[in-house]
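Student: Test case, fold it:
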Amino acid sequence: MAAKARYSTLIAILLSSQIFAQFSWDEFLTPSDTLNRQRLIRTSVAAGTFATLTLTGLYQLWYADYPQSSFQFNNDNRDWLQMDKLGHSLSAYYSGVTMYRTMRWTGMPKEKALWYGGLQGWVFLLAVEVFDGFSEEWGFSTGDFIANSLGSALAIGQEAAWDEQRILMKFSFSGSPYRTENPSLLGENAWQSWLKDYNGQTYWISTSPGSFGWESWPKWLMFSVGHSGMGMATGDPNEQAMNPRFDHLLRQRQFLFSLDVDLTKIPIKNRFWRNVVHSLNLVKIPFPTFELQQNGSTQWHWMYF
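Tutor: Sure, this is the predicted structure:
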């Protein structure tokens, strides 16, 4: 379940990134002042095709070999200290931001672009949840659905209110020592671990006082608060507690406090390189970081990834 959820998150981000890339690295870099129907048609066809192929591949990879059932719900809200839910929110958020800007690039009016673009990631992830609902192995997760909705709302709400993203969701990863405790679930190698090992993932919220009227503070320099977890060998805490193999693990949350950089606020005249740099903005920039653990322990990291 955890691997599938993380894979779905990755696919949603790739969906938006691929579409944005297709229409940003060519001669049409400048957004249209009025609706450009050719751009809109190309974008719609590309988005629909890519989503269809991705969902087809996802079905064959995750669902085809498992028995189907009548539609059912699954409460997995206690799993992974809700790290998977943050992953779903991140996916919906960046898909919404990217597709909104792509719709604006076609010249679509703001009000329509907010819904046609901002909700595309949410619709994609909803389709994945429906697949889960008809699978005997999983079930429709209301927690995932809520997380997807919150991510889309964060993207759409900020564009509606401010015409920009002042509060950013970001992601970082560093290998954790817990992967070897249960490699079949947390990853057999380094590539799999960044996808599956929630102990090594951190999800961040970054914002700058300069974006809220503090003129003396540079808008590109942000304060960042992160959430991660440690000691997780399985998704379900009860399952882990009942397994004596994992008695030595202390399962708890980690709260991180750091600085960050908003790459979209760095002035770059060349549109090509501006888009390249902006596409990297979902990754938290490494900075010295203060860590507060759930049990009250603290730790200082001179550089946290």
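
Student: So what are the structural domains in the protein, by residue number?
Tutor: 1-164, 166-305 (automatic domain parsing).

Student: Distance from the chain centre to the longest one, please.
Tutor: When you say that, I think you mean domain 1-164. 10 Å (C-alpha atoms, centre = their mean, to the nearest Å).

Student: looking at the domains of the chain, which is buried most?
Tutor: Ranked by mean neighbour count under mean count of other C-beta atoms under 10 Å, the domains of the chain are led by domain 1-164, which reaches a mean of 18. For every residue, glycine as well, the C-beta is placed using N, CA and C.

Student: any idea whether Met222 is helix, strand or coil?
Tutor: At Met222 the chain is in strand, as set by DSSP: H, G, I helix; E, B strand; the rest coil.

Student: what's the least confident stretch among the domains of the chain?
Tutor: Here the domains of the chain differ in mean pLDDT, and the lowest is domain 1-164 at a mean of 83.

Student: And Leu168, how far from Thr264?
Tutor: 9 Å (C-beta to C-beta, to the nearest Å).

Student: what do those two both touch?
Tutor: Asn281 (C-beta atoms under 8 Å, 6 or more residues apart in numbering).

Student: which stretches of the stretch 151-300 of the chain form helices?
Tutor: 183-186, 190-196, 237-241, 271-278 (DSSP state H, counting those that start in this stretch).

Student: among those helices, which is nearest His301?
Tutor: helix 190-196 (18.4 Å; C-beta to C-beta).

Student: Quick one: distance of the closest one to the chain centre.
Tutor: For helix 190-196, the distance to the chain centre is 15 Å (C-alpha atoms, centre = their mean).

Student: packing partners for that helix?
Tutor: helix 2-22, helix 183-186 (3 or more C-beta pairs under 8 Å, 6 or more residues apart in numbering; DSSP states H and E).
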